[in-house]
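Enquirer: Got a predicted model here, sequence first, then my questions.
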Amino acid sequence: MWLRSAGSGFLDVLPVDRKLRYGMVGGGRGAFSGGVHRIAAALDGQAELVAGVFSSDPQRSYESGADLLLPPERLYGSYEDMAAAEAKLPLIQRLDFVTLVTPNHMHYGPAKRFLEAGFNVVCDKPVTLTLEEAQDLKNIVARTQKVFVLTYNYSGNAMVKQARAVVRNGDLGRIRKVIVEYSKGSAFRALDAMKRRAAWRNDPSRAGPTGSVGDIGTHCEHLARYITGLEIDALCADLTTFVPDRRLDDDASILLRFKGGAKGILQCTKIAIGDENNLNIRVYGDRGSLTWHQERPDELTVSFADEPPQVLKRGRDYLADAASKAARVPAGHPEGYLEAFASLYREAFRAIAAEVTRQPPPDDLDFPTIEDGIHGMRFIEAVVRSSTREAQWVKV
């Protein structure tokens, strides 16, 4: 029944004779995401950070670059200066891609500028501030023919890839129900107790029209679609802001209708005291079901009628090729958040290296693209529309 693999610890040999060179926008001193991206990009030894603008404050940007031991001539005060200067460098020095780890409102402008300047782009999620920006960015990606990667990083987990293989192989039969949840308690306090670096998440002009949905709910939407292949047809959403003086939602309860007839429940909340990073998904078919928990990422539970549940584990030879290729160490050696993030980067490097060397891209690439960004923004738009209409059902 299970899809078998030739082995684990897979690492492609890139069609370049050097490390890929990249620059970063955002992610300076005190920023969580910047450090995560730098670790993930470095984990397989295939890329190196050589330039950046790490803050909207030029002085802070230069100080952050100095912390990372980057040469002063490759540090910039704005992304416009960086794009212009880097585009003029000879190919032997030029960036191969740029990573954007900025607040949501600073995704579209830098992505557009670097794509049009001839650079591949890796971008944090959600892809833009609005659906219109996302659609315009899609046109730019198509016109420039550059690689665009969106960091829905949980799809990099080996057992998420195994879950996808189980569903796509038909083992669960026809999918009937999908329940996906992302619960955490990181924002249950009043705003004055929040860390300064997270203040932008409460500003609609920088975060967008939603709080919990744009930040963690889009991870749920992408995870459900990645594993099942199902797209949301309609939804009914109830957004709530529990913490006084907060301008955006910190809790969302959403009913889903998928194309093809399956039903679903999507919950995301930031006020769940006791939950740390409780992302989980359950998929029910007419022959079996599966369950995956992000806080126990190396395990996937699969159940069939009249049989005891089976717990599949990462690093075993009964897994699908995609799951085995995403693993780095043998079974029993835990892998988690950083490794999954690095798996996404490793896939991105395959596409970027092909683009840099003017070779056709591999036909088995597996990373979120601008299309996933469009889906995410349509989801956000529909959630807001439904909630403002007293939780009416709306089409996505």
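Expert: Done, it's in. Note that the coordinates shown come from a computational prediction; the quantities given were computed from them, not determined experimentally.
Enquirer: which residues sit in contact with A51?
Expert: R21, Y22, G23, M24, L70, R74, L75, Y76, M82, E86, L95 (Cβ atoms under 8 Å, 6 or more residues apart in numbering). Every C-beta, even on glycine, is put in place using the N, C-alpha and C of the backbone.
Enquirer: name the element the fourth one belongs to?
Expert: Using DSSP states H and E, M24 sits within strand 20-26.
Enquirer: Name the residues that touch that strand?
Expert: Looking at what lies outside strand 20-26 - Cβ under 8 Å, 6+ apart - the contacts are 14, 33-34, 37-38, 41, 46-55, 74, 79, 82, 86, 93-103, 106, 110, 122, 349, 352-353, 356.
Enquirer: Repeat the analysis, applying 7 Å as the threshold.
Expert: Residues outside strand 20-26 that contact it (Cβ atoms under 7 Å, 6 or more residues apart in numbering): 34, 41, 46-54, 79, 82, 86, 95-102, 110, 349, 352-353.
Enquirer: just the buried members of these?
Expert: Buried members of these, scored by 16 or more other Cβ atoms under 10 Å, are 34, 41, 46-47, 49-54, 79, 82, 86, 95-102, 110, 349, 352-353.
Enquirer: Now do stretch 252-269, average pLDDT.
Expert: Averaged across stretch 252-269, the pLDDT comes to 98.
Enquirer: end to end, how far does that stretch reach?
Expert: Stretch 252-269 stretches 6 Å from its first residue to its last (Cα to Cα, to the nearest Å).
Enquirer: tell me which residues of it are tucked away?
Expert: Those would be 252-258, 262, 264, 266-269, for stretch 252-269 by 16+ other Cβ under 10 Å.
Enquirer: Leaving out the residues flanking it, which one is nearest to V394?
Expert: S386 (4.5 Å; Cβ to Cβ, 6 or more residues apart in numbering).
Enquirer: so the one you found sits right up against Q392, yeah?
Expert: Yes - counting by Cβ atoms under 7 Å, S386 touches Q392, with 5.7 Å between them.
Enquirer: Pick out whichever of the two has more residues nearby.
Expert: A count of neighbours by other Cβ atoms under 10 Å puts S386 above the other of S386 and Q392, at 23 against 12.
Enquirer: Quick check: the gap between that one and V101.
Expert: Taking Cβ to Cβ, to the nearest Å as the measure, S386 falls 30 Å from V101.
Enquirer: remind me which residues of this structure are low pLDDT?
Expert: 1-13, 191-197 (pLDDT under 70).
Enquirer: V302 belongs to a strand?
Expert: Yes - applying DSSP: H, G, I helix; E, B strand; the rest coil, one finds V302 inside a strand.
Enquirer: Who does it form a beta bridge with?
Expert: V302 forms beta bridges with L290, Q310, as assigned by DSSP bridges.
Enquirer: Please tell me how far it sits from I175.
Expert: 14 Å.
Enquirer: just F242 next, same as before
Expert: Separation of F242 from I175 (Cβ to Cβ): 33 Å.
Enquirer: neighbour-wise, which of the two wins?
Expert: Between F242 and I175, I175 has the larger neighbour count (other Cβ under 10 Å), namely 22 against 13.
Enquirer: Tell me which stretches of the stretch 101-250 of the chain form strands.
Expert: 120-123, 148-150, 175-183, 232-240 (DSSP state E, counting those that start in this stretch).
Enquirer: A165: which of these is closest?
Expert: The closest of the strands of the stretch 101-250 of the chain to A165 is strand 175-183. By Cβ to Cβ, the value is 14.4 Å.
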